[in-house]
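Novice: Pasting a predicted model and its sequence here:
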Amino acid sequence: MAKQFTLGKNERLKSRKSIEQLFNEGKKFTLNPYLIYYISAPQPEAVLSSTTKQLSSTIQFGAGVGTKNFKKAVDRNRIKRLTREAYRLQKTALQEKLKTKNIQLNVFFIYTAKELPEYDEVFKKTGAILKKLNTIIDEIK
């Protein structure tokens, strides 16, 4: 059961090439206080990652906060940590849908508000974002 709520290395969006492709070719929508970029593609058939030797994940996630609104790295890191935690606890429904439809999804959350959020607010907004992504995935095929 503990494995279900993890955010492992293969689930994080880390590749510079993937991130650039996401921002250049991906779609976006806003759900205050977040700006969400996403791009979907058909899941490759059991492609092994050359560096980790593990199966690629159905969804890769990243979070960011701009330095314009938050000068201190402590504040930016806290917001990213809260966002990752809220995402980690609520991602299972979206993951299951992606597995059944055999789709790979890359998602990046950018926090755009000017004040530090409380965890409850982040949890609610992340849940709403994941529900919207779920409906977007329904429309794909």
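Specialist: Good, I have the coordinates.

Novice: Which neighbouring elements make contact with the helix or strand containing R81?
Specialist: Counting by DSSP states H and E, the element that carries R81 is helix 73-90. Packing partners of helix 73-90 (3 or more CB pairs under 8 Å, 6 or more residues apart in numbering; DSSP states H and E): strand 59-65, strand 103-111, helix 119-140. C-beta here means a position set from N, CA and C on the backbone, and glycine is covered the same way.

Novice: pLDDT below threshold where in this structure?
Specialist: Applying pLDDT under 70 to the chain picks out residues 1-4, 43-56, 141.

Novice: Taking the centroid of it, which residue is nearest it?
Specialist: For the chain, F61 is the residue whose C-alpha lies nearest the centre (CA atoms, centre = their mean; 3.0 Å).

Novice: if I pick that residue, what's in contact with it?
Specialist: Neighbour list for F61: 7, 11-13, 84, 87, 91, 107-109 [criterion: CB atoms under 8 Å, 6 or more residues apart in numbering].

Novice: what are the bridge partners for it, then?
Specialist: As for beta bridges, F61 partners with R12, V107 under DSSP bridges.

Novice: Could you report the distance from it to L98?
Specialist: The gap separating F61 from L98 is 12 Å, by CB to CB, to the nearest Å.

Novice: if I read this right, F108 contacts Y34, doesn't it?
Specialist: No - in this structure F108 lies outside contact range of Y34 using CB atoms under 8 Å: 9.9 Å.

Novice: got a list of what G8 touches?
Specialist: So G8 contacts S57 (CB under 8 Å, 6+ apart).

Novice: Backbone dihedrals for it, please?
Specialist: Here is the backbone geometry of G8 (degrees, to the nearest 10): phi -80, psi 180.
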